[in-house]
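*Asks:* what follows is a predicted structure for the sequence shown.
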2 protein chains.
Amino acid sequence: MDKKGLLIVISGFSGVGKGTVVKKLVQDYGYSLSISATTRPPREGEIDGREYYFKSREEFMNLIDYNGFIEWAVYVENYYGTPRAFVEQELAAGHHVILEIEVQGAIHIKNQYPEAVLIFLTAPSAEELRQRLLGRGTEEQAAVEKRMRRAIEESEDMDQYEYIVVNDDLEQCVKDVHAVIVAKTCMIERNREFMKEMKAELKAL
Amino acid sequence: MDKKGLLIVISGFSGVGKGTVVKKLVQDYGYSLSISATTRPPREGEIDGREYYFKSREEFMNLIDYNGFIEWAVYVENYYGTPRAFVEQELAAGHHVILEIEVQGAIHIKNQYPEAVLIFLTAPSAEELRQRLLGRGTEEQAAVEKRMRRAIEESEDMDQYEYIVVNDDLEQCVKDVHAVIVAKTCMIERNREFMKEMKAELKAL
């Protein structure tokens, strides 16, 4: 009813499966996906413009100077940012846009876009989270421990989010995130214009 | 995660199809349904304990005196009330309970159960609402006009609700109401205990 799209911010513990959830949300429900820019080197199989826009540090700094990001942050010594133009075009076109970003970024987004929906993905338990980090196998032991320490920090920031969704079963998790988005579109704040019209029409009949 | 069930209050314009939506929510998702008590005489085909608990005025007054209702109200010269015992037992057992009640009742409920979810069902337009009231054919012209005047009042009360769901297509409407309920269970307020445990577990690993 409200014409503008919603900004859906998805964060969560490292290793919780955010990427898979986001990919499936886009596939199943047609949400727009914001691709972040980063100075992190591409991992094997990653393609520029699909996983990330890979930028040199110089290019990234230039984009910061030109207000090209709605938020940017440093995470494990690399820069990550959300390109402004895509997000604002999609929202204006009435499309819901999904951002997968970390905690600091999410809070910056909420300050700029108060209507943004902040969702935190968690594993069903801390032990399960550790198992997933170990099972991933792409990280060395030191990296796993670093991520576990990071997880403790991230858990402190959970309180900043509006919704907590457990990723135990992928299908269920994706449905639950979709439900949160649907519910947001039904919220009274999104429907003031419709209600105003309905009231006027009823009186005119 | 929070063990207690949610109280889902469904209101909406007369003739918008609340009864059908509620019935399908119970069938498709297994929600508990609170059956109201009323002093209105049964319509043809209505069964005591299925559509309503049919009570004499004296019985109803007695239940009011004994605090047997969580809310009650007078609507078109008849009394309607929500039996307290069923609702409280179901919530305590962790079941989500659906109440279909009118606007005044919904506000009373919210005051007593701040966590209750208030959902207002609307037709896609005022004209569509009028068509449905005419098409129902069980009401005389005077009754239709009375309900249309009532609809104007009801539309003023829409602002008291948290969610507005359009009943255009029944299947979609039922899915949207279900989404609102799922989203509510994911809200941060419902997950404080889980988050506390998660934080403690992470630190203990």
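*Replies:* Thanks, I have the structure now.
*Asks:* contacts and neighbour counts: CA atoms only from here.
*Replies:* Noted.
*Asks:* helices along chain A, start to end?
*Replies:* Assigned helices in chain A, in chain order: A:18-29, A:57-65, A:84-92, A:103-112, A:126-136, A:141-157, A:170-186, A:192-204 (criterion: DSSP state H).
*Asks:* format those as a markdown table; extra columns: mean neighbour count.
*Replies:* Formatted as a markdown table, the helices of chain A follow (neighbours: other Cα atoms under 10 Å in any protein chain shown):
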| stretch | mean neighbour count |
| --- | --- |
| helix A:18-29 | 15 |
| helix A:57-65 | 14 |
| helix A:84-92 | 16 |
| helix A:103-112 | 18 |
| helix A:126-136 | 16 |
| helix A:141-157 | 16 |
| helix A:170-186 | 20 |
| helix A:192-204 | 15 |
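*Asks:* among the ones you listed, which comes closest to chain B?
*Replies:* Checking those against chain B by Cα to the nearest Cα gives helix A:170-186 as the closest, at 4.3 Å.
*Asks:* contacts for that closest one?
*Replies:* Residues outside helix A:170-186 that contact it (Cα atoms under 8 Å, 6 or more residues apart in numbering or on different chains): A:8, A:21-22, A:24-25, A:29, A:117, A:119, A:163, A:165-167, A:190-191, B:163-165, B:176-180, B:182-183, B:186.
*Asks:* and for stretch A:67-76?
*Replies:* A:63, A:79-85, A:104-105, A:108-109.
*Asks:* what's the burial count for the spatially closest residue to A:Gly105 that is not a sequence neighbour?
*Replies:* Leaving aside its sequence neighbours, A:Gly105 sits nearest to A:Glu71 (Cα to Cα, 6 or more residues apart in numbering or on different chains; 5.9 Å). With neighbours defined by other Cα atoms under 10 Å in any protein chain shown, the count for A:Glu71 comes to 21.
*Asks:* follow-up on the earlier one: need the helices of chain A in TSV with mean pLDDT and distance to B:Arg150, can you?
*Replies:* Below are the helices of chain A laid out as TSV (pLDDT from 0 to 100; distance: least, Cα to Cα, whole Å):
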stretch	mean pLDDT	distance to B:Arg150
helix A:18-29	96	38
helix A:57-65	96	56
helix A:84-92	95	37
helix A:103-112	90	40
helix A:126-136	85	53
helix A:141-157	86	47
helix A:170-186	97	23
helix A:192-204	93	10
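*Asks:* nearest to B:Glu201, of the ones you listed?
*Replies:* helix A:126-136 (5.8 Å; Cα to Cα).
*Asks:* and that closest one, how far from the chain's centre?
*Replies:* Taking Cα atoms, centre = their mean, to the nearest Å, one finds the center of helix A:126-136 at 21 Å from the center of the full chain.
*Asks:* can you give me the neighbour number for A:Gly15?
*Replies:* By other Cα under 10 Å, 21 other residues sit near A:Gly15.
*Asks:* make that A:Glu77, sorry
*Replies:* With other Cα under 10 Å as criterion, A:Glu77 counts 9.
*Asks:* what lies in contact with stretch A:194-205?
*Replies:* With Cα under 8 Å, 6+ apart, stretch A:194-205 has contacts from A:1-2, B:125-127, B:148, B:151-152, B:155-156, B:158.
*Asks:* make it 6 Å
*Replies:* Identification of contacts with stretch A:194-205 by Cα atoms under 6 Å, 6 or more residues apart in numbering or on different chains yields B:126, B:155.
*Asks:* just stretch A:124-141 next, same as before
*Replies:* Here stretch A:124-141 makes contact (Cα under 6 Å, 6+ apart) with A:15, A:123, A:166, B:198, B:201-202.
*Asks:* spell out which parts of chain A neighbour chain B.
*Replies:* A:126, A:155, A:162-165, A:179-180, A:183, A:186-188, A:198-199, A:201-202 (Cα under 6 Å from any Cα of the partner chain).
*Asks:* quick one on the thing from earlier: of the helices of chain A, which is nearest A:Ile35?
*Replies:* Ranking these by their distance to A:Ile35 (criterion: Cα to Cα) puts helix A:84-92 first, at 8.9 Å.
*Asks:* how close does A:Val166 sit to A:Ser125?
*Replies:* 9 Å (Cα to Cα, to the nearest Å).
*Asks:* nearest residue to A:Ala116 in space, please, no chain neighbours.
*Replies:* A:Ala116 sits nearest to A:Leu7 (Cα to Cα, 6+ apart), 4.7 Å away.
*Asks:* give me the number of residues near the one you found?
*Replies:* Neighbours of A:Leu7 (other Cα under 10 Å): 26.
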